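Novice: just a sequence and a predicted model for now, questions to come.
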Amino acid sequence: MSRVGRVERNTKETSVVVEIDLDGSGKVDVSTGVGFYDHMLDQLGRHGLFDLTVKTEGDLHIDSHHTIEDTALALGAAFKQALGDKVGIYRFGNCTVPLDESLAQVTVDLSGRPYLVHTEPEKMAPMIGEYDTTMTRHILESFVAQAQIALHVHVPYGRNAHHIVECQFKALARALRYASERDPRAAGILPSTKGAL
């Protein structure tokens, strides 16, 4: 059974198309107009082994906020759609990823309940190219709200802003991959004692 999600989101601020295949091979085709964000979405697809297509046109003449936010919302909605009924998946996933001096710890529950816990070093460069580093938390908030998952992201230390953000996306990719993969021992079983996710 195909596990593909496709979402189009159009507003006066942005036009977004996202397609994700959870059982892909990490093929990524991303264009948001925000170079560093494209780089992070590339990490998500490649390390999650998701085939990911993202095409966003936004009001970058204002700033990158709407473009980044609306892309994250559409990505979360597409991920939820691709998960389908969640029967037979592992449901939980976690991964710890170092990137030189930085470390990210990510744990996810594909619970059907949106909740985010996010910590990262407060003192880091405010911008990476056109990417506002305060947007990382907002990306995760937006993704979680639409994907309806519980997500804990903790960066206990790091100095370089690029590394701090990138290790979060890499760890998120792997945690989502592990949680969404099919468990061969649980074929046909919904991983919930209450019968709903």
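Specialist: Great, that's in hand. Because the structure is a prediction, the values reported are computed rather than measured.

Novice: switch to C-alpha atoms for all contacts and neighbour counts from now on
Specialist: Fine.

Novice: residues in contact with the nearest residue to Asp59 once chain neighbours are set aside?
Specialist: Distances taken as CA to CA, 6 or more residues apart in numbering put Glu13 closest to Asp59, at 5.6 Å, once the chain neighbours are dropped. Residues in contact with Glu13 (CA atoms under 8 Å, 6 or more residues apart in numbering) are Gly58, Asp59, His66, Thr67.

Novice: measure Glu13 to Thr119 for me?
Specialist: For Glu13, the distance to Thr119 equals 29 Å [CA to CA, to the nearest Å].

Novice: burial check on Asn94, number of neighbours?
Specialist: Residues lying near Asn94 (other CA atoms under 10 Å) number 21.

Novice: ignore what I typed, I meant Leu190.
Specialist: For Leu190, using other CA under 10 Å, the count is 18.

Novice: quick check: Thr11 vs Thr56, distance?
Specialist: On the measure of CA to CA, Thr11 and Thr56 end up 11 Å apart.

Novice: so what does the helix or strand that contains Arg46 touch, helix or strand wise?
Specialist: Applying DSSP states H and E as the criterion places Arg46 in helix 35-48. For helix 35-48, the contact count by 3 or more CA pairs under 8 Å, 6 or more residues apart in numbering; DSSP states H and E identifies strand 28-31, strand 131-132, helix 161-180 as packing neighbours.

Novice: ok, which of those comes nearest Leu190?
Specialist: Closest to Leu190 of the helices and strands packed on helix 35-48, according to CA to CA: helix 161-180, at 12.2 Å.

Novice: quick revisit: and the helices and strands packed on helix 35-48, which is most packed in?
Specialist: Here the criterion is mean neighbour count by mean count of other CA atoms under 10 Å, and of the helices and strands packed on helix 35-48 the winner is helix 161-180, at a mean of 24.

Novice: by contact count, what packs against that helix?
Specialist: Judged by 3+ CA pairs under 8 Å, 6+ apart, helix 161-180 is in contact with helix 35-48, strand 92-99, strand 102-109, strand 150-157.
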